[in-house]
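**Student:** compute the structure for the input listed below.
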Amino acid sequence: MSALPTVEDLKAQIEASLPGAAVTVIPNGSPSAQHSLLLDHEHARAVALFLRDHPDLRLDFCSLVTGVDWLDTETTEKIKVKKMVAGPDGSEIEQEVEETRKMKVPGYLEAIYHLFSMEKKHGPVILRLRTANRTDQTHVPSLTPVWRSCEFQEREAFDLYGIVFDGHPDLRRILMWEGFQDFPMRKDYVPPADDSLAPLPFASLQRASTKEARP
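**Tutor:** Next comes the predicted model:
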């Protein structure tokens, strides 16, 4: 079993080999300490090919693709602003005061890939791809052209989270039926009433076969 470079070393190797690639180390503070690499969309597929084909890495197997939904958050910060305030004699004077302002940070979706090397017997290396938001900009590049094992798993992330994988060879629902609205694994998902759900194809066939079987 060969030693796998740290994520910091992998980041340095990628950026040296692929000028312009933006790679960010995302630390993991849990006992597993499985830190990950966040990739920019433009170079994501080139980075994937580098990790797969580099003779010392040979990360030739993607074992897992999963999605994560990060909701909008609110942050507060204290800033100093100049305001006109009443002075001791009743006149208005300009004074610097401290204010607390709240800011909304848009949420996003993530696709996370766990990579191993069957040849070198090392791993995992964890990659992340983020969407711009979780409403109308939910695209990331598909890595199925690099690792074929991503195909069904990216479809699952598309189906349950709404992540659109650009360049996927067959991106369509895999668990929910075509025409189903919303994405069941999102944190703010609200299940529809039972009577508003479209019947599943196999349920329709089952009812039809039951009628035919009656005397």
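**Student:** list the buried residues in stretch 108-124.
**Tutor:** 108-117, 120, 122-124 (16 or more other CB atoms under 10 Å). Where C-beta positions appear, they are placed from N, C-alpha and C, glycine not excepted.
**Student:** ugh, typo on my part, it should be stretch 21-41
**Tutor:** In stretch 21-41, counting by 16+ other CB under 10 Å, buried: 21, 23, 26, 35, 36, 37, 38, 39.
**Student:** dump the residue contacts of the nearest residue to the first one once chain neighbours are set aside.
**Tutor:** Once flanking residues are discounted, residue 21 sits nearest to residue 43: 3.9 Å by CB to CB, 6 or more residues apart in numbering. If a contact means CB atoms under 8 Å, 6 or more residues apart in numbering, then residue 43 has 18, 20, 21, 22 as its contacts.
**Student:** residue 163 versus residue 43, what's the distance?
**Tutor:** Noted for residue 43: a distance of 19 Å to residue 163, by CB to CB, to the nearest Å.
**Student:** go on, residue 12?
**Tutor:** For residue 12 relative to residue 163 (CB to CB), the value is 29 Å.
**Student:** who has more neighbours, those two?
**Tutor:** residue 163 (28 against 13; other CB atoms under 10 Å).
**Student:** hmm, the more buried one is touching residue 157, no?
**Tutor:** Yes. If you go by CB atoms under 8 Å, residue 163 and residue 157 touch, sitting 4.9 Å apart.
**Student:** anything in contact with each of these two?
**Tutor:** 67, 111.
**Student:** Three-state assignment for residue 155, please.
**Tutor:** helix (DSSP: H, G, I helix; E, B strand; the rest coil).
**Student:** ignore the last one, residue 49
**Tutor:** Going by three-state DSSP: residue 49 is helix.
**Student:** measure it to residue 7 for me?
**Tutor:** 18 Å.
**Student:** from the contact counts, what lies against the host helix or strand of residue 96?
**Tutor:** Taking DSSP states H and E as the definition, residue 96 sits inside strand 92-105. Here strand 92-105 touches strand 73-86, going by 3 or more CB pairs under 8 Å, 6 or more residues apart in numbering; DSSP states H and E.
**Student:** in the strand it packs on, which residues are buried?
**Tutor:** For strand 73-86, it's none, nothing buried (16+ other CB under 10 Å).
**Student:** that one versus strand 92-105: what angle between them?
**Tutor:** Put simply, strand 73-86 runs at 170 degrees to strand 92-105, going by axes from the mean of the first three to the mean of the last three CA atoms, to 10 degrees.
**Student:** okay, now residue 64: neighbour count?
**Tutor:** 14.
**Student:** how about the residue lying closest to it once chain neighbours are set aside: which residues does it bridge to?
**Tutor:** In this structure, residue 64 finds its nearest non-sequential neighbour in residue 114, 4.2 Å apart by CB to CB, 6+ apart. Taking DSSP bridges, one finds residue 64, residue 126 as the beta-bridge partners of residue 114.
**Student:** ok, back up a step: can you lay out the buried residues of stretch 108-124 as a markdown table showing secondary structure?
**Tutor:** As requested, the buried residues of stretch 108-124 are exported to a markdown table (three-state DSSP):
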| residue | secondary structure |
| --- | --- |
| 108 | strand |
| 109 | strand |
| 110 | strand |
| 111 | strand |
| 112 | strand |
| 113 | strand |
| 114 | strand |
| 115 | strand |
| 116 | strand |
| 117 | strand |
| 120 | coil |
| 122 | strand |
| 123 | strand |
| 124 | strand |
